[in-house]
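S.K.: below: sequence and its predicted model.
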Protein chains: 2
Amino acid sequence: MTDTEHPPQRPTKGERTRRHVIDTAAELFSRSGYRAVSLRDIAAHSGLSHAGVLHHFPNKEALLVHVLSRRDEIDAPLVLDADLSHRELIDNLVELVERNTASPGPVSLFVNLSAEATDPAHPAHDYFFGRYRVLREHLASAFAALLDGRPEPTPEVAATQFIALQDGLQVQWLLDPGAVDMRAAVVSFLHTLGIPTSAPAPTTDERPS
Amino acid sequence: MTDTEHPPQRPTKGERTRRHVIDTAAELFSRSGYRAVSLRDIAAHSGLSHAGVLHHFPNKEALLVHVLSRRDEIDAPLVLDADLSHRELIDNLVELVERNTASPGPVSLFVNLSAEATDPAHPAHDYFFGRYRVLREHLASAFAALLDGRPEPTPEVAATQFIALQDGLQVQWLLDPGAVDMRAAVVSFLHTLGIPTSAPAPTTDERPS
DNA sequence: GTCTATAGAGGGATAGAC
DNA sequence: GTCTATCCCTCTATAGAC
């Protein structure tokens, strides 16, 4: 106990390995889903034995829960914060698409897990059930303002469509990244609904042709 | 060989079990994905041993291929037939959504498998890669005519969006069937694009209130 | 055509040493 | 906090009897 005067800032070694295991698990779950990845896979990629992993988490399922809530810590504030204006929310949603386009890992995690979790017996079923409910309601109330005057998609339908569009785009994009422009598809969807987007252009391929 | 004078009409017993195994496999893959379902599961639900299953198919992967192509035999003509008019194609797409709403099994099969197959090492990766390419191109050429005059979604983007919408809706619907009206979302999307739908109403909940 | 038996790999989880 | 060793289960696939 000589070296122990470090509060939250400097995590203990245990805490560091623990987080490293979560990150590794996230990456592997991303590639192949939850069920197809073994504790031994995760352990090997984390640099310890599978018993070592089970020292930090009581079982594989608990590890999954930590992986999911870690993603939520990162993404939820961008979308679910109640203080966001509608403008900011839309901007954040588009920004999220751009960020996703840059990193297939988390995208693959959610594509794989949300499909698996469709099974009511899956450990993440309740998580995704609740997640989509909250997301739909939150987006619906934003669309209620943004679609003011339009008869056709009700705010609830628009929210469902928007989420579905994103999820579906991710599958196509993961299968064939060169053939699918997720950002263009999302932005064009918003425009079709009469919702302007402010973000300028994908800064990537600006070349003086 | 006493009882063998029956051509294609009356399938042999072997052929019948074989088909039964494919159907059973389809149902189980639907619920839990390909990797999570074992040959023993399939065998048990088919009423034979796992060795019995392997008599009909060289391995699990071959069985998957048969499951997939069986679905295609059923659904492809409705969508990919080159002789369809644009009107008929749209009607068929909406009809397919209605049919899906009535049967979660095949929906779950494709949701689970397309997510898994995102991994390039998955046995069905090439199948889905090609399937989405063909589907996008086919729908894009239909949208090219249907969207005549509209600037915003290009036919390619519209095709990508339409397919994504359907796939994404299926995930939400499987998780929470009561909260998602797939047909309404698809029809409203088409209307937003200025494409009318002719199918009248979901005949289900017609009750004299 | 279907079975039992078995091989051989790999899974999750626990016990106990260090 | 991490390891090795082990338990017991399930997997795919094969061999050979019936």
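M.R.: Perfect, I can see it now.
S.K.: from now on I want contacts and neighbour counts done on CA atoms only, so please keep to that.
M.R.: Noted.
S.K.: could you tell me how far stretch A:89-102 lies from the centre of the chain?
M.R.: 11 Å (CA atoms, centre = their mean, to the nearest Å).
S.K.: pull the residues that contact it.
M.R.: Applying CA atoms under 8 Å, 6 or more residues apart in numbering or on different chains, the external contacts of stretch A:89-102 come out as A:78-79, A:106-107, A:182-183, A:186-187, A:197-199, A:202.
S.K.: mind checking the SS state of A:Leu28?
M.R.: Recorded secondary structure, A:Leu28: helix (DSSP: H, G, I helix; E, B strand; the rest coil).
S.K.: which strand or helix spans the closest residue to it other than its chain neighbours?
M.R.: Leaving aside its sequence neighbours, A:Leu28 sits nearest to A:Val37 (CA to CA, 6 or more residues apart in numbering or on different chains; 6.7 Å). Counting by DSSP states H and E, no helix or strand carries A:Val37.
S.K.: burial count for A:Thr192?
M.R.: Residues lying near A:Thr192 (other CA atoms under 10 Å in any protein chain shown) number 16.
S.K.: I'd guessed it sits against B:Leu190; true?
M.R.: No - counting by CA atoms under 8 Å, A:Thr192 stays clear of B:Leu190, with 10.9 Å between them.
S.K.: surely the residue nearest to A:Leu28 and A:Ser30 touch.
M.R.: No - between A:Val37 and A:Ser30 there is no contact under CA under 8 Å: 9.7 Å.
S.K.: just the pLDDT for the residue nearest to A:Leu28.
M.R.: A:Val37 is assigned a pLDDT of 94 by the prediction.
S.K.: separation between it and DNA strand D?
M.R.: A:Val37 is 13 Å from DNA strand D, where distance means CA to the nearest atom of the strand, to the nearest Å.
S.K.: show me which residues of chain A sit near DNA strand D.
M.R.: Listed as neighbours of DNA strand D in chain A under the rule CA under 7 Å from any atom of the strand: A:12-15, A:17-18, A:47-53, A:55-56.
S.K.: chain B: which of these is nearest?
M.R.: Chain B lies nearest to A:His50 out of the residues of chain A next to DNA strand D, by CA to the nearest CA, at 20.8 Å.
S.K.: ok, the closest one to B:Arg87 distance?
M.R.: Using CA to CA, to the nearest Å, A:His50 is found at 57 Å from B:Arg87.
S.K.: same deal with A:Gly105?
M.R.: If you measure A:Gly105 against B:Arg87 using CA to CA, the figure is 40 Å.
S.K.: need the contact list for A:Tyr132.
M.R.: B:Gln172.
S.K.: any idea which helix or strand carries it?
M.R.: helix A:125-146.
S.K.: and that helix, what's its mean pLDDT?
M.R.: Per-residue pLDDT over helix A:125-146 has a mean of 97.
S.K.: ok, and the most crowded of the contacts of stretch A:89-102?
M.R.: Neighbour counts for the contacts of stretch A:89-102 peak at A:Met182, which has 25 neighbours (criterion: other CA under 10 Å).
S.K.: quick one on the thing from earlier: what is the next helix or strand along the chain from the helix holding A:Tyr132 packed up against?
M.R.: Using DSSP H and E, the helix or strand that follows helix A:125-146 in sequence is helix A:155-175. In terms of contacts (3 or more CA pairs under 8 Å, 6 or more residues apart in numbering or on different chains; DSSP states H and E), helix A:155-175 is packed against helix A:104-116, helix A:125-146, helix A:182-192, helix B:125-146, helix B:155-175, helix B:182-192.
S.K.: quick one: closest of these to A:Val157.
M.R.: Nearest of the helices and strands packed on helix A:155-175 to A:Val157, taken as CA to CA: helix B:182-192 at 5.9 Å.
S.K.: distance of A:Ala121 relative to chain B?
M.R.: Applying CA to the nearest CA, to the nearest Å, the value for A:Ala121 to chain B is 9 Å.
S.K.: also A:Gly149?
M.R.: Distance from A:Gly149 to chain B, counting by CA to the nearest CA: 14 Å.
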